[in-house]
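In: got a predicted model here, sequence first, then my questions.
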Amino acid sequence: MMRYAVVLCALLAGCASLNETQCRSTDWYQQGEQDGLMGNRPKIDLYAHQCAGYQVQPAEKDYMAGWVVGYAEWNKRVSGSKM
């Protein structure tokens with residue numbers, strides 16, 4: 001039951017939009033790494049669209065650098081698991 005609750009929270013968090021404070025204060029490298037660790041495709045375009053209303057442009061270079069690291073780790077975990 002706990003596993004389902006965690007998955008549900010992760011899915012809902014993926015759908016949440018960013019507010020102005022989040023757009024301005026997010027560590028984009030860390031956000032990219034977190035998205036990559038979840039096995040997600042890069043979401044920088046979504047974040048850019050959400051933050052455009054606040055005249056904030058996410059740091060795409062930082063985000064993608066973090067995403068590459070996170071996604072590589074996710075791939076390593078998935079490949080090494082006994083699924």
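Out: Thanks, I have it. Just so we're clear, the structure is a prediction, and the values are computed from it rather than from any experiment.
In: any buried residues in the one helix or strand residue 22 maps to, and which?
Out: Residue 22 is part of helix 20-25, with elements assigned from DSSP states H and E. Buried residues in helix 20-25, defined by neighbour count with 16 or more other C-beta atoms under 10 Å: 22-23. Bear in mind the C-beta positions are built from the backbone N, C-alpha and C, glycine included.
In: again, but for stretch 25-35
Out: Those would be 26, 28-29, 31-33, 35, for stretch 25-35 by 16+ other C-beta under 10 Å.
In: for it, the averaged confidence score.
Out: On average, the pLDDT along stretch 25-35 is 98.
In: chain center to it: distance?
Out: Relative to the centre of its chain, stretch 25-35 is centred 6 Å away, using C-alpha atoms, centre = their mean, to the nearest Å.
In: keeping just the C-alphas, turn that stretch into PDB.
Out: Taking C-alpha atoms only, stretch 25-35 is exported to PDB below (Å, rounded to 0.1, in the frame of the first residue of the first chain):
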ATOM      1  CA  SER A  25      14.800  29.800  -6.600                       C
ATOM      2  CA  THR A  26      15.000  26.300  -8.200                       C
ATOM      3  CA  ASP A  27      18.400  24.800  -8.400                       C
ATOM      4  CA  TRP A  28      18.100  23.700 -12.000                       C
ATOM      5  CA  TYR A  29      21.000  21.300 -11.900                       C
ATOM      6  CA  GLN A  30      19.400  19.500  -9.000                       C
ATOM      7  CA  GLN A  31      15.900  19.500 -10.600                       C
ATOM      8  CA  GLY A  32      17.400  18.000 -13.800                       C
ATOM      9  CA  GLU A  33      19.200  15.300 -11.800                       C
ATOM     10  CA  GLN A  34      16.000  14.500  -9.900                       C
ATOM     11  CA  ASP A  35      14.000  14.200 -13.100                       C
END
